[in-house]
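> need a 3D model of the sequence below.
(one chain, ligands or ions: 1)
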Amino acid sequence: MSETIQSYDVLIVGGGVVGTALLYTLSKYTDVKSVGLIEKYSDFGLVNSASYNNSQTLHFGDIETNYSIDKARSVKRMADMVMKYLESEKDISYRKELFSKYSKMVLAVGKDQVQDLKKRYPAFSELFPKLKMIERDEIGKIEPRVLEGRDPGQEILALVTEDGYTVDFKRLCHSFIDNALKEKPDLDIHLDTKLLKIKKNEDHYTILTNKGEFRASVVIIAAGGHSLMIAKSLGYGKNLSVLSMAGSFYTAPKVLNGKVYTMQVPKLPFAAIHGDPEVHSEQITRFGPTAKPIFQLERHNMATFFEYWKTFGMGIKPILSLLNITFDKVLFNYIVVNFLYDLPFIGKRLFIRQIRKIVPSLRLNELRYAKGIGGTRPQIVNNTTRKLEMGEAKLCGDKIIFNITPSPGASTCLGNAYTDTGLIIGFLNNKYKFNKETFEKDLM
Ligand SMILES: Cc1cc2nc3c(=O)[nH]c(=O)nc-3n(C[C@H](O)[C@H](O)[C@H](O)COP(=O)(O)OP(=O)(O)OC[C@H]3O[C@@H](n4cnc5c(N)ncnc54)[C@H](O)[C@@H]3O)c2cc1C
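Below is the predicted model of the structure:
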């Protein structure tokens with residue numbers, strides 16, 4: 001192991017979409033002198049930001065019926081930043097690698113869901129003026145297979161908009177890195193560099209890695225579920241645990257033209273099942289994600305088993321929270337059935353029932369389990385309230401921030417970077433300047 005000690009004003013740990021968005025923001029919109037980023041793998045965006053691990057959706061809150069109007073307002077503000085960033089890419093072939101645009105809708109099926117969607121529409125159409133409420137015939141024009149084989153007596157209704165962004169968030173990581181390097185070519189980026197231990201000293205942090213030691217005045221941990229494990233090693237977030245909710249997908253040859261979401265079960269903090277065209281191939285429709293708890297911080301990586309338990313915590317409180325959460329009837333039934341979706345033979349036969357709410361005529365032989373696809377969401381458990389919390393969490397400590405990022409963490413990456421940059425400038429005693437006006441002009 002090298003003994004070199006490198007010193008930074010700011011060190012970012014994690015090269016997913018959250019860490020790289022922050023690197024870009026610091027490089028383009030501040031004059032902070034020395035910024036470094038370390039990533040344990042050999043490339044950026046290989047964990048939850050990889051396009052095969054998430055649903056590739058830029059969430060705005062218009063068709064996600066688990067969002068309240070306030071949550072939708074906040075997510076929209078941040079998703080708009082990513083949208084503006086994507087739209088500012090002028091190179092057509094690079095744009096295609098970054099994102100595709102499709103229509104998107106949320107579909108209500110049956111009397112109760114139709115009533116709920118009608119109630120939702122007035123407030124949401126004010127926030128999203130392009131959102132239209134459409135009935136059976138119009139739904140059929142946009143998505144013929146949503147009508148094909150559907151009982152003519154079944155009530156359906158949809159909210160639809162043209163602005164469905166499907167994003168390759170791994171490519172977005174690369175774009176952030178490329179553009180950050182254009183601003184500051186001497187940025188220090190270290191791949192294959194894993195934080196092993198972090199220590200707080202009087203005026204700086206020491207970060208021990210497999211490649212030697214780093215020093216930084218301010219540290220931002222953008223390591224997904226690992227952020228909470230690192231926070232706990234410094235005494236933060238002791239009242240929190242994570243429930244690691246793996247999401248799997250099924251694919252079919254193109255059966256939808258755009259994104260079709262189903263209505264949300266109110267108690268669940270995970271997106272309802274939806275059908276989406278693949279970001280790089282509209283000939284494939286992907287259905288999912290499912291949600292089942294696993295005891296790993298990274299999907300398909302058994303080496304993160306022990307790290308999961310370190311993050312979960314071994315005391316009585318997390319266990320009581322877990323019992324409280326899983327004894328909820330809605331959640332318990334949901335988790336059990338989601339376990340079954342991953343099983344060979346039976347999984348496909350059960351899951352197709354969910355998909356047929358969207359595409360009633362889908363045949364079993366059209367559907368395929370997407371093996372090795374789907375990451376895991378570090379869903380926050382609050383051991384004080386003993387409840388699952390929705391969305392991302394940010395822990396702020398002494399010149400250190402920990403970002404824990406279940407969905408829609410990729411959609412909010414630039415909004416998160418905006419907040420963190422403001423905090424970082426404060427941590428550095430306003431020695432540097434955050435050019436907020438330019439950020440806001442460019443991206444808000
Ligand atoms: C099934 C599923 C569907 C989803 N769908 C959507 C969606 O449609 N839209 C949306 O907005 N969000 C979605 N999400 C959430 C989204 O994928 C994440 O919020 C987002 O990718 C988080 O980005 P991140 O940079 O925080 O984490 P990651 O992309 O996981 O990056 C964390 C990085 O930290 C690195 N790291 C960890 N530990 C260390 C260490 N010790 N040292 C150095 N580096 C380290 C990792 O290697 C990794 O590269 C979905 C998630 C899942 C699982």
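> over to Asp9: give its phi and psi.
Dihedral pair for Asp9: phi -70, psi -50, per degrees, to the nearest 10.
> swap in Phe60?
Per-residue torsions, Phe60: phi -110, psi -20 (degrees, to the nearest 10).
> if I look at it, how far off is Lys259?
11 Å (Cβ to Cβ, to the nearest Å). (C-beta placed from N, C-alpha, C; glycine too.)
> dump the residue contacts of the residue in the stretch 151-300 of the chain positioned nearest to the ligand.
Here the residue of the stretch 151-300 of the chain nearest the ligand is Gly247; by Cβ to the nearest ligand atom that distance is 2.7 Å. By Cβ atoms under 8 Å, 6 or more residues apart in numbering, Gly247 lies in contact with Asn54, Ser55, Phe270, Gly288, Pro289, Thr290, Ala291, Gly374, Gly375, Thr376, Arg377.
> thought Met78 was touching Thr419?
No. Using Cβ atoms under 8 Å, Met78 makes no contact with Thr419, being 9.3 Å away.
> quick one, which of these two is more surrounded?
Met78 (25 against 18; other Cβ atoms under 10 Å).
> quick one: which helix or strand includes that one?
helix 69-87 (DSSP states H and E).
> equivalent analysis for Thr285, please.
strand 281-288.
> repeat that for Ile177.
Short version, using DSSP H and E: Ile177 is in helix 169-183.
> any idea which helix or strand comes after that helix?
Scanning onward from helix 169-183 (DSSP H and E), the first element met is strand 188-190.
> confirm Met165 sits in a strand?
Careful, residue 165 is Tyr and not Met. Yes. Looking at Tyr165 with DSSP: H, G, I helix; E, B strand; the rest coil, it is inside a strand.
> that one contacts Tyr85, correct?
No. Tyr165 lies out of contact with Tyr85 (Cβ under 8 Å); the separation is 11.0 Å.
> more neighbours: the two, which one.
Taking neighbours as other Cβ under 10 Å, Tyr165 and Tyr85 compare with Tyr165 leading, 23 against 20.
> so what's that one up against?
Thr57, Leu58, Val82, Met83, Leu86, Phe99, Ser100, Lys101 are the contacts of Tyr165 under Cβ under 8 Å, 6+ apart.
> and it, what's its pLDDT?
pLDDT recorded at Tyr165 is 97.
> quick one: strands adjacent to whichever strand or helix holds Lys394?
Element membership for Lys394 (DSSP H and E) is strand 393-396. Its sheet considered, strand 393-396 pairs with strand 400-404 (antiparallel) by DSSP bridges.
> would you mind writing the CA trace of the partner strand as CSV?
Output in CSV follows, covering the C-alpha atoms of strand 400-404 (Å, rounded to 0.1, in the frame of the first residue of the first chain):
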residue,chain,number,x,y,z
ILE,A,400,-19.2,15.9,6.6
ILE,A,401,-22.4,14.9,4.8
PHE,A,402,-23.8,11.4,4.2
ASN,A,403,-26.2,10.8,1.4
ILE,A,404,-28.3,7.7,1.5
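> what's the closest non-adjacent residue to Asn66?
Leaving out its chain neighbours, the residue that sits closest to Asn66 by Cβ to Cβ, 6 or more residues apart in numbering is Gln264, at 3.8 Å.
> and the lowest-mean-pLDDT helix or strand in the chain, what does it pack against?
Ranking every helix and strand in the chain by mean pLDDT, DSSP states H and E puts strand 387-388 at the bottom, with a mean of 89. In this structure, strand 387-388 makes packing contacts with helix 316-326, strand 376-382, judged by 3 or more Cβ pairs under 8 Å, 6 or more residues apart in numbering; DSSP states H and E.
> the next helix or strand after the longest one and the ligand in contact?
It refers to helix 316-326. Counting by DSSP H and E, the next helix or strand C-terminal to helix 316-326 is helix 329-341. No. With Cβ under 6 Å from any ligand atom as the measure, helix 329-341 is seen stopping short of the ligand, the closest distance being 11.8 Å.
> same check, this time on stretch 217-226
Yes. Residues of stretch 217-226 are located near the ligand by Cβ under 6 Å from any ligand atom, namely Ala222, Ala223, Gly224, His226.
> equivalent analysis for stretch 68-76, please.
No. Taking Cβ under 6 Å from any ligand atom as the criterion, stretch 68-76 and the ligand are apart, separated by no less than 8.9 Å.
> so Leu159: helix, strand or coil?
strand.
> now swap in Ile220 and tell me
Relying on three-state DSSP, one would call Ile220 strand.
> and it, how far from Thr262?
Counting by Cβ to Cβ - Ile220 and Thr262 are separated by 36 Å.
> the two: who's more crowded?
Ile220 (31 against 21).
> contacts only, for the closest residue to the ligand within the stretch 301-444 of the chain.
Nearest residue of the stretch 301-444 of the chain to the ligand (Cβ to the nearest ligand atom) works out as Gly409 at 2.3 Å. Gly409 makes contact with Val17, Val18, Asn48, Glu392, Asn403, Asn416 under the criterion Cβ under 8 Å, 6+ apart.
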